[in-house]
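Asks: Let's see this in three dimensions:
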Amino acid sequence: MGYLLGYARASTTDQQPQLQVDALERAGCYRVFTETASGAAADRPTLEQVLDQLRPGDTLAEFERDLIRERTAAGLAAARARGRRGGRPSVLTAHKLRVAQEMYTSGQYTVTAIASTLGVSRASVYRHLGDLGG
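Replies: Prediction:
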């Protein structure tokens, strides 16, 4: 398995990247690079240094794709930690869900009839009734 590389950055002169460096080291980074607010790289790797860190058989495109994947995953995790959820909003409102549950438990309606009445797909009805133990 390859080594993890870390990159810490201070975007203003008042900021200290040490917290980032500590977190990257705790995460198991083999080497941590930092950049100051002035844009001067304290120990920013050159392209040759990055290429040296690639695993045998890797290409620069694969390395970049892995970085993008990691950043995307970290961004999604941060959003979830703030209570944000991705994806399309549910078609069943709380009211429609209660109606669907009542119709279903009455035994008088098929899932097709419930879906047609509420203006949603049968899959949505099954998905939400399954969440309620239906």
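Asks: C-alpha from now on. contacts and neighbour counts both.
Replies: OK.
Asks: SS state for the most far-flung residue of the chain relative to its centre?
Replies: Here the chain reaches farthest from its C-alpha mean at Gln108, the gap being 42.3 Å by Cα atoms, centre = their mean. What DSSP: H, G, I helix; E, B strand; the rest coil gives for Gln108 is coil.
Asks: looking at this, Ala8 is in a helix?
Replies: No - checked against three-state DSSP, Ala8 lies outside a helix; its state is strand.
Asks: if you skip the residues just before and after it, what's nearest to it?
Replies: In this structure, Ala8 finds its nearest non-sequential neighbour in Thr34, 4.7 Å apart by Cα to Cα, 6 or more residues apart in numbering.
Asks: Can I get the helix or strand hosting that neighbour in PDB? Just the C-alpha atoms.
Replies: In the assignment (DSSP states H and E), Thr34 maps to strand 29-35. Written as PDB, here are the backbone C-alpha positions of strand 29-35 (Å, rounded to 0.1, in the frame of the first residue of the first chain):
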ATOM      1  CA  CYS A  29       0.300  10.900   6.500                       C
ATOM      2  CA  TYR A  30       3.800   9.900   5.700                       C
ATOM      3  CA  ARG A  31       4.800  13.400   4.800                       C
ATOM      4  CA  VAL A  32       3.100  16.800   5.200                       C
ATOM      5  CA  PHE A  33       3.700  19.800   2.900                       C
ATOM      6  CA  THR A  34       2.700  23.400   4.000                       C
ATOM      7  CA  GLU A  35       2.200  26.700   2.300                       C
END
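Asks: Which positions within stretch 20-30 qualify as buried?
Replies: Residues of stretch 20-30 classed as buried under the neighbour-count rule (16 or more other Cα atoms under 10 Å) are Gln20, Val21, Leu24, Glu25, Cys29.
Asks: State the distance from the second one to Thr72.
Replies: Computed as Cα to Cα, to the nearest Å, the Val21 to Thr72 distance reads 20 Å.
Asks: distance between the longest helix along the chain and the chain's centre?
Replies: Taking DSSP state H as the assignment, the helix of the chain that covers the most residues is helix 60-81. Relative to the centre of its chain, helix 60-81 is centred 8 Å away, using Cα atoms, centre = their mean, to the nearest Å.
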